[in-house]
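K.L.:
Provided below are the primary sequence and the corresponding predicted coordinates.
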Amino acid sequence: MSRQKYESPTTNAVGLGFWVYLMTDLMLFATLFATYGVLRGNTAGGPAGHDIFSLKLVFAETIILLVSSLTAGLALLSAHAGRKTRMLQLLVITGVLGALFLGLEINEFRVLLADGHSWQNSAFLSSYFTLVGTHGLHIFAGLIWLVATVWYALKRPLSPRFMQRLTMFSLFWHFLDLVWVCIFSIVYLMGVLA
Amino acid sequence: MIFASWLGKLDWSYFWHGWVQFGGQIATVGGALTVLAALIYFKKLGWLYRNWLTSLDAKKIGVMYIVVSVVMLLRGFGDAIMMRLQQILGSGGGHGFLSGDHFQQVFTAHGTIMIFFVAMGLMFGIINLILPLQLGARDVAFPLLNSIAFYLYLAGVILVNLSLVFGEFGAVGWLAYPPLSELAYSPGPGVDYWLWSIQIAGIGSTLSGINFLVTILKKRCKGMTLMKMPIFSWSILATMILLLLVFPILTATLFMLSLDRSMGMHFFTADMGGNAMMYINLIWAWGHPEVYVLVLPAFGMYSEIVATFSRKRLFGYTSMVWALMAICVLSFFVWAHHFFTMGAGGNVNAFFGIMTMVIAIPTGVKVFNWLFTMYQGRVHFDTPMWWFMAFATTFLIGGGTGVMLAVPAIDFQVHNSLFLVAHFHNTIIGGVVFGYLAGIAYWLPKIFGFKLHERLGKAAVYCWVTGFFTAFMPIYLLGFMGATRRMEQFDPALQYQGLFIISGIGTAIIGLGVLLQVVQLGYSIWKRKELAAGHDPWHGRTLEWSVPSPAPEYNFARLPVVTERDAFWVAKHGGPALYSGPFKDIEVPKESGVGLVVGLAAAVFGFGVIWQLWWLLPIALAVIIGTLIKQTYVEETERIIPAKELKA
Amino acid sequence: MTSKAYLTGFMMSLSLTVTAFILVYGATSVGGSPLSQGWLIAVIASLAVCQLVVQGMYFLHLSSKGKPGRSLQIMLFVLVMAAIVVGGSIWVMHNLNYRMMPGEQKVTETIQDKENIHHH
């Protein structure tokens, strides 16, 4: 891989615009975190975090997402180096890992529901499902974006416009991993400790 | 059974709610059909679609925002008339003509429409018209996003008006506090109409925020550093920073309320661990900055107007910039003053009370700077300046009552009384409404090429000011006398009726003012040749006055180069020329129907959630996502205006 | 922006993640932990902040020097404002809850009795 002179995401208008959008997403998650912080003790006689969280599952999800963040970054690097095939391979791996993450999370939710711990049962559960679920929805949107990107790039050259969009996607994907760091730390790890 | 679920909560009974509502339905549907019929009759549908609906010219989008906002103003004002009338009749021993439930829907609709669809709409409209011109730019940073944002706003407008025709509106106040707004106590579609019209419009607002922020930071013409930017543009920068920080809070909070209502969650319910106070906390963490989002652009407009009509540069430009930024940041530290009475302890209330008083300081700085600008200037009292004078007096009083309310001990007496209602109408009408009307009077000549008739304009100002004081001073008094807000009947022994009648007269005077403005507009269009404005009708100071009126699609035939603040004024008085060099081909954004499709699909999505037509949701989302993905394949997004078409 | 940078960032993030999980797993399993709960939470929080910084530097290329500095400035500003909203909300709600909510369980029971609401 060649050493690329890095251009900050906010250098041009589109990059700045997307960065600002990410900042609004940050505020959205902040609000959901604040709500979780206030409501997590309100279990209405039902289970709290340490009753329902599985550390092994969350660890697996975390590693999967972290690796996918790496592959997304490497995909961008490949694109900068002009290596389209390698970029596509790395993007596909990113997508598979993302889908795997989502699958594990959906299964986690399914098991909780089957055990009778629905979001309808307490404020804690509502805020847990919503915070984690909103992150999952963002991942899902990212996967749609990824599929559209791969499809677009299959028969097209790596134009500057495409590179801009790929950069925005990788920022989005990295951002979601940062949010996940907060989620696994605050929701799962601290939840289990309480 | 399966067929029944396809129809969700739809029910024929939602068409009829009584004769008063029937009048509203006739007005809405009749109005819409009349417009449609006229378009078809005059064969203008195609023209409308090609030249306006699909236009990505910020000026055209701005005009559309303003047109829709004015229509919504008429609806919101209609709500106001109904409330005044009901309270006059209901405070004398009678029942009036509105049931309690209907009255509640009316005041909910009134507040929601005025804030979200009139004030926000006028704000985005005026920014679209003027911001690129002030910055020496041809358009905003993201023209397609601009169109999408407008149509998301329109989707909200459609839903709010649809609630009048079919269904009901929330009967919960413009901020829909839970638990009343939860499913248990508001089972109908009303709160959902409220929720989704604002949610969708709010996403549009956020997108506009990104657009205008990037426009200011990245699209200024050569030589225009931030400190050489016009002060109105600075006010928009401060506004957009604030908007982008707080609208996500609204989005998240509304999202959680909608989850409570549609998926049985318990964020804000009264039981199962829900905490309704958290909603109030979050909604005001958005809500207070929101009122600054509305008023800061008005302050920017006043700054331009005062300087222009005093033929003098703005006093204290730097301190004005600092005041704007200070207000922007400080507005984050005051939100709990909206719920002093909710039971927080002394230290919490004291902190927010003190911060609320502190935020009055930068506003005071601004007022003094305006006055110092006028001092020793040659002041020309055209209509925009009249609006400023109206603002200065009115807003000062409103701000003063605000400082009173900032004291928790006083607030405990008058919270949620008519005193509060008078205070916020005082600041909103005096600050925001007068400001936007001033901005329209000031800048309309640039967009349409003719001035509005002066005498009618001044008569309108008279009516608005006289009407405002006549309408709202009694409301202050009633608040002191103990009258609670949002009540449609009062015991006649309280003897409120006299003051309500005076207030009603004031409302009628305001109505006369509105009527005069409508007449003014029609008359000015009719007499537009006599009222024609050249490119600089007001002896302006900033770049927008250097282009012809009406401004051409591309704003500037040649992009200006700027060396100082008030660049146009400087150039007019011997400074370096703004424009030089050859004319070149100009690229302008090509028309696109993407915004329209996305907006309509969003309205369908909202309708689907409101009526629990779940099958509609994936369809609407697929249309939105599909349209956006398809757009990424479009290579030619611009068309060329050849150099030889450009006039000198 | 090199693959080495991404891999470095990845390895650091991985270490921070594994450390956090091991600490908590150890604390909640039979062995227990020498640290008190309060300290553990502080350590987890610090590990999280470190990882945010690491991922910010190596994945998002945030740095204070030169052009990338803008995006960092913007993000720090937004983080401060987010902290005000989150922190302020928790402060206000804690205060309100303490003074106004007699115990969430009691409120639930009282309301369910009065309103005849029963969840299945």
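P.N.:
Alright, I've got the coordinates.

K.L.:
apart from its chain neighbours, what residue comes closest to residue A:152?
P.N.:
residue B:632 (6.5 Å; Cβ to Cβ, 6 or more residues apart in numbering or on different chains). No exception for glycine: its C-beta is placed from N, CA and C like everyone else's.

K.L.:
so the one you found sits against residue A:153, correct?
P.N.:
No: applying Cβ atoms under 8 Å, one finds residue B:632 not in contact with residue A:153, separated by 11.0 Å.

K.L.:
before we move on, back to that, for the residue nearest to residue A:152, give me phi and psi.
P.N.:
phi -70, psi -20 (degrees, to the nearest 10).

K.L.:
contacts only, for it.
P.N.:
A:148, A:152, A:165 (Cβ atoms under 8 Å, 6 or more residues apart in numbering or on different chains).

K.L.:
do residue A:28 as well
P.N.:
With Cβ under 8 Å, 6+ apart, residue A:28 has these contacts: A:134, B:248-249, B:251-252.

K.L.:
and the residues you listed near chain C, which?
P.N.:
residue B:249 (Cβ under 8 Å from any Cβ of the partner chain).

K.L.:
quick check: the farthest pair among the contacts of residue A:28?
P.N.:
A:134 and B:249 (13.9 Å; Cβ to Cβ).

K.L.:
who has more neighbours, those two?
P.N.:
Neighbour count, other Cβ atoms under 10 Å in any protein chain shown: between residue A:134 and residue B:249, residue B:249 has more, with 27 against 18.

K.L.:
what's the closest non-adjacent residue to the more buried one?
P.N.:
The nearest residue in space to residue B:249 (Cβ to Cβ, 6+ apart) is residue B:286, at 4.3 Å.

K.L.:
correct me, but that neighbour touches residue B:250?
P.N.:
Yes: using Cβ under 8 Å as the test, residue B:286 is close enough to residue B:250 to be in contact (4.2 Å).

K.L.:
hmm, back to that, pLDDT of the helix or strand where the residue nearest to residue B:249 lies, averaged?
P.N.:
Under the criterion of DSSP states H and E, residue B:286 resides in helix B:276-309. In this model, helix B:276-309 has an average pLDDT of 97.

K.L.:
picking that back up, the residue nearest to residue A:152 and chain C: what is the separation?
P.N.:
Shown here: residue B:632 relative to chain C, a distance of 23 Å by Cβ to the nearest Cβ, to the nearest Å.

K.L.:
do the same with residue A:93
P.N.:
Taken as Cβ to the nearest Cβ, the span from residue A:93 to chain C is 14 Å.

K.L.:
residues near that residue, how many?
P.N.:
For residue A:93, using other Cβ under 10 Å, the count is 17.

K.L.:
try residue A:113
P.N.:
13.

K.L.:
surely it is within a helix?
P.N.:
Yes: counting by DSSP: H, G, I helix; E, B strand; the rest coil, residue A:113 falls inside a helix.

K.L.:
all the helices of the chain, in order from the start?
P.N.:
I went with chain A, as the question did not name one. A:13-39, A:49-52, A:55-80, A:84-114, A:123-154, A:160-182, A:190-193 (DSSP state H).

K.L.:
that answer is for a different chain, and I need it for chain C
P.N.:
Using DSSP H, helices in chain C cover C:3-28, C:37-58, C:69-100, C:104-115.

K.L.:
of those helices, which shows the lowest average pLDDT?
P.N.:
The lowest average pLDDT among these, as it happens, falls on helix C:104-115, at a mean of 67.

K.L.:
would you agree residue B:322 is in contact with residue B:361?
P.N.:
No: with contact defined as Cβ under 8 Å, residue B:322 does not reach residue B:361; the gap is 11.2 Å.

K.L.:
point me to the residue of the stretch 101-250 of chain B nearest chain C.
P.N.:
residue B:245 (5.2 Å; Cβ to the nearest Cβ).

K.L.:
show me the shaky parts of chain A.
P.N.:
A:1-6 (pLDDT under 70).

K.L.:
hmm, 90 instead?
P.N.:
By pLDDT under 90, the weakly predicted segments of chain A are A:1-11, A:155, A:193-194.

K.L.:
what does it put close to chain B?
P.N.:
So far as Cβ under 8 Å from any Cβ goes, chain A lies against chain B at A:12-14, A:16-17, A:20-21, A:23-25, A:27-28, A:30-32, A:34-35, A:38-39, A:42-44, A:119-127, A:129-130, A:134, A:144, A:148, A:152, A:165.

K.L.:
run the angle between the helix holding residue B:286 and helix A:13-39 for me.
P.N.:
140 degrees (axes from the mean of the first three to the mean of the last three Cα atoms, to 10 degrees).

K.L.:
mind listing what's buried in stretch B:316-331?
P.N.:
Neighbour counts over stretch B:316-331 (16 or more other Cβ atoms under 10 Å in any protein chain shown) mark B:316-317, B:320-321, B:323-331 as buried.
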